[in-house]
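Colleague: Quick one: sequence plus predicted model below, questions after.
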Amino acid sequence: MNLTDLFDLSLKGRRHAVALEFAGATFTFGDLDRRSNRLAQLLRGRGLRPGDRLCVHLANCVEMIDLYLACMKTGIIFVPINPLYRDREIAHILGDAEPSAVVSGASFESAAPIWHPATLAGEAAALADERPNVPLDGDAPAAILYTSGTTGASKGAVLTHNNFEANAINVLVCWQITAADRFLLALPLFHLHGLGNGLHSWLASGCRMRLLERFESAKAAEEFLDFRPTLFFGVPTIYVRLLDVPAEQSREIGGFMRLFVSGSAPLAAPVLEEFRARFGHTILERYGMSETFMIAGNPYAGERRPGTVGLPFPGISIRLLDAEARSVTEGETGEIHVTGPTVFTGYWRREQATPGAFVDGYFKTGDLAVRSPDGYYTLCGRQSDLIISGGFNIYPREIEEFLEEQEEVAEAAVAGAPDRIRGEVPVAYVVLKAQVGAAELIERCRANLASFKVPREFVVVDRLPRNAMGKIQKHLLGKVG
């Protein structure tokens, strides 16, 4: 079985049902099936075969969905590129993936031909809508997703049809997603959150989806009230922006919504609590990575515990190991190692990096966590974020969460700075929503944190540097002001 077999539950089984709304246009599942069949014929006519890479450099649009489905039907490996990337970042991916072609509305240097999406759509419209017969099994690679690259050059995670299918089934079952849902998707489709969770939840369930080119906070309430969705996926920064929606509209939105899900970065507990008070819903926080899909999540039916990422998804096994690869007990911090049917096969053309990313068949996430006695996991930050100060280990996430609990602090990030005596000391970068002095914050930290955890300096900034999915890029903290 491959992804097309899973999607056919909707593409064929619900072909007359309205599937998609985008920019004022609507499409049935049958429309999308025919459009992607024609495009699949065109790609094959242009010489692309199973295993070839097709880089797609587009913002959210119907054409991107057509291309994705066409690739899944033909065995072509889909390689999305963040449309915000500059020439240097694009060149790295093109040089690494070595695609047969690139689809983009922009112009940049490429050894492979660049095809404009409108040109492809025009040529495909004249072709027969018969689906190509390309046998594929579940182990065939479906996509290569490049990691965020917050430390070093980004690497391409090779994800198979089986990886995508296992994740889609987990998400549908665990979050109770059905054809009765109405799904508002504002996440970018170049990222696993929008693609592997968003697009697949929609195609596998057969629900009706409104796709936005991007999330716009000024139009958010209008989109919710017009479409009246039951399902929404977001990142923490989106939920912070939604707190600006007027109280009356917040209550109305909460009245027709069924589920809000957050991921891609830690959700501050105060944001969860304020959102619950305003919208009447407890956001379901989950945890995953490009290399693993969904690892853990708070339960749909059960306690959604603030500050945690919940319990492992079905089929997922987690180990918490210390620096010597020994298991840690409940309440102790360890690195998350994970295995299961959603874990990727390896990095594209990284023969040395791939074996080093696994231990005994478990992928080393680089994320640090603590497990509670009843099995809930709480993230403590990245292993690379660890600050060692005078022999003491400091996990920045603990300090960040405390600072974000202060009513004057909107956001906080903590990083290590060199220190001649202690090796490293923590420095806090804060975005303020009300005036507060550094001395006052230091006193509060001293009253609530061990002395070695107290930031030695507080730097007030207008914003924290983030990548496209809302993750803080700590290597850029010293460059913001």
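Modeller: That came through, no problem. Quantities reported herein were computed from a predicted structural model and do not represent experimental measurements.
Colleague: residues in contact with the residue lying closest to Gly366 once chain neighbours are set aside?
Modeller: Distances taken as C-beta to C-beta, 6 or more residues apart in numbering put Gln383 closest to Gly366, at 4.8 Å, once the chain neighbours are dropped. Bear in mind the C-beta positions are built from the backbone N, C-alpha and C, glycine included. Contacts for Gln383 (C-beta atoms under 8 Å, 6 or more residues apart in numbering) come out as 335, 366-368.
Colleague: so, if you compare those residues, which one comes nearest to Thr28?
Modeller: Nearest to Thr28 among these, counting by C-beta to C-beta, is Asp367 at 40.9 Å.
Colleague: The closest one - nearest residue in space that isn't next to it in sequence?
Modeller: Leaving aside its sequence neighbours, Asp367 sits nearest to Ile336 (C-beta to C-beta, 6+ apart; 4.8 Å).
Colleague: pLDDT of the helix or strand hosting the one you found, averaged?
Modeller: Here Ile336, judged by DSSP states H and E, is contained in strand 333-339. What strand 333-339 shows for mean pLDDT is 97.
Colleague: Name the strands paired with the very next helix or strand once past that strand and say parallel or antiparallel.
Modeller: Sequence-wise, the next helix or strand downstream of strand 333-339 (DSSP H and E) is strand 346-347. Note on strand 346-347: by DSSP bridges, its sheet partners are strand 156-160 (antiparallel).
Colleague: chain center to the lowest-mean-pLDDT helix or strand in the chain, what's the gap?
Modeller: Across the helices and strands of the chain, mean pLDDT, DSSP states H and E gives its lowest value to strand 392-394, namely a mean of 81. Centroid separation between strand 392-394 and its chain, computed with C-alpha atoms, centre = their mean, to the nearest Å, is 29 Å.
Colleague: gap between the residue nearest to Gly366 and Ala204?
Modeller: In this view, Gln383 and Ala204 are 34 Å apart by C-beta to C-beta, to the nearest Å.
Colleague: any idea whether the closest residue to Arg35 other than its chain neighbours is helix, strand or coil?
Modeller: Closest residue to Arg35 apart from its sequence neighbours, by C-beta to C-beta, 6+ apart: Asp66 at 5.0 Å. Using DSSP: H, G, I helix; E, B strand; the rest coil, the structure places Asp66 in helix.
Colleague: contacting residues for Asp66?
Modeller: Neighbouring residues of Asp66 by C-beta under 8 Å, 6+ apart: 32, 35-36, 39, 121, 124.
Colleague: swap in Ile283?
Modeller: When contacts are counted by C-beta under 8 Å, 6+ apart, Ile283 is found next to 239, 260-262, 267, 272, 275-276, 304.
Colleague: From those, pick the one nearest Pro113.
Modeller: Nearest to Pro113 among those: Val261, at 38.3 Å, using C-beta to C-beta.
Colleague: residues near Glu21, how many?
Modeller: Using other C-beta atoms under 10 Å, Glu21 has 19 neighbouring residues.
Colleague: That one - that's part of a helix, no?
Modeller: No: assessed with three-state DSSP, Glu21 is strand; it does not lie in a helix.
Colleague: By pLDDT, give me the weakest of the contacts of Ile283.
Modeller: Ranking the contacts of Ile283 by pLDDT, Leu267 lands last with 88.
Colleague: Val240 is in contact with that one, correct?
Modeller: No: between Leu267 and Val240 there is no contact under C-beta atoms under 8 Å: 9.3 Å.
Colleague: Same drill for these two, tell me which one is more crowded.
Modeller: Taking neighbours as other C-beta under 10 Å, Leu267 and Val240 compare with Leu267 leading, 25 against 19.
Colleague: how about the more buried one, what does it touch?
Modeller: 236, 239, 283, 285.
Colleague: Now do the phi/psi pair for the last one.
Modeller: When quoted as degrees, to the nearest 10, the phi and psi of Glu285 stand at phi -90, psi 140.
Colleague: distance of it from Leu311?
Modeller: Separation of Glu285 from Leu311 (C-beta to C-beta): 12 Å.
Colleague: And for the first one?
Modeller: For Pro236, the distance to Leu311 (C-beta to C-beta) stands at 20 Å.
Colleague: tell me which element the residue lying closest to Leu67 once chain neighbours are set aside is part of?
Modeller: Leaving aside its sequence neighbours, Leu67 sits nearest to Val56 (C-beta to C-beta, 6+ apart; 5.5 Å). If you go by DSSP H and E, Val56 is part of strand 53-57.
Colleague: Many thanks, we can stop here.
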